[in-house]
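Chemist: make a model of this:
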Amino acid sequence: MKKVALIVNTASFERVAYALSFAVVAAARGIEVFVLFAFEGLYRLIKGNVDVLSDETNPFIRKEIESGLKKDSVMRISTLIKNLKYLGGKIYACPSAMALHNVTKDDLIDDVDGVLGLAAFLESIGDASTIIYV
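Modeler: You can find the predicted model right below:
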């Protein structure tokens, strides 16, 4: 089976949403998907932050996203995560990022499959044909 891995190192709404959109499409096509949220990206896995739209997102696009979220024409990150999980995708949090931000496992949303450092993440993705850094 084909595998793809994504490392999300940004909290920017549009970048995280697009990375997860890619992950969902890959999973829907039968590709095994693994996503590691690191440093800034970890923000999106913390309870209460998943769909927040604030300064981490470029002001140029923030107003458009805000409008789209109100009209339901822009998919929420929480919905993309649920879709990915439904399709069998795996979501991990980086322990270094957690330590940096003083975040515990209890602070993370329930959809997180675990906490994996880089070595363990690379081990889990095995022979993934694609690794995407966002």
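Chemist: please count neighbours and contacts with C-alpha atoms only from this point.
Modeler: Noted.
Chemist: identify the residue nearest residue 80 in space, chain neighbours excluded?
Modeler: Spatial nearest neighbour of residue 80, excluding adjacent residues (Cα to Cα, 6 or more residues apart in numbering): residue 20 at 6.1 Å.
Chemist: so what's the residue count around the one you found?
Modeler: Close neighbours of residue 20, defined as other Cα atoms under 10 Å, add up to 22.
Chemist: C-alpha coordinates for stretch 120-134, CSV please?
Modeler: Taking Å, rounded to 0.1, in the frame of the first residue of the first chain, the C-alpha atoms of stretch 120-134 are listed here in CSV:
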residue,chain,number,x,y,z
ALA,A,120,9.4,7.2,15.9
PHE,A,121,7.4,9.1,13.3
LEU,A,122,9.9,8.1,10.6
GLU,A,123,9.7,4.5,11.8
SER,A,124,5.9,4.5,11.7
ILE,A,125,5.8,5.8,8.1
GLY,A,126,8.2,3.1,7.0
ASP,A,127,8.5,3.2,3.2
ALA,A,128,6.3,6.2,2.6
SER,A,129,6.8,7.4,-1.0
THR,A,130,6.1,11.0,-0.2
ILE,A,131,6.9,13.3,2.8
ILE,A,132,5.5,16.8,2.6
TYR,A,133,6.6,19.6,4.9
VAL,A,134,4.1,22.4,5.5
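Chemist: now do the buried residues in that stretch.
Modeler: By neighbour count on 16 or more other Cα atoms under 10 Å, the buried set for stretch 120-134 is 121, 125, 128, 134.
Chemist: flag every buried residue along the helix or strand where the residue nearest to residue 80 lies.
Modeler: Applying DSSP states H and E as the criterion places residue 20 in helix 13-28. For helix 13-28, burial by neighbour count (16+ other Cα under 10 Å) applies to 13-17, 19-24, 26-28.
Chemist: cool, stretch 54-73 as well?
Modeler: Using 16+ other Cα under 10 Å as the test for burial, stretch 54-73 gives 57, 62, 65.
Chemist: likewise stretch 78-87?
Modeler: So for stretch 78-87, counting by 16+ other Cα under 10 Å, buried means 78, 80-81, 83-85, 87.
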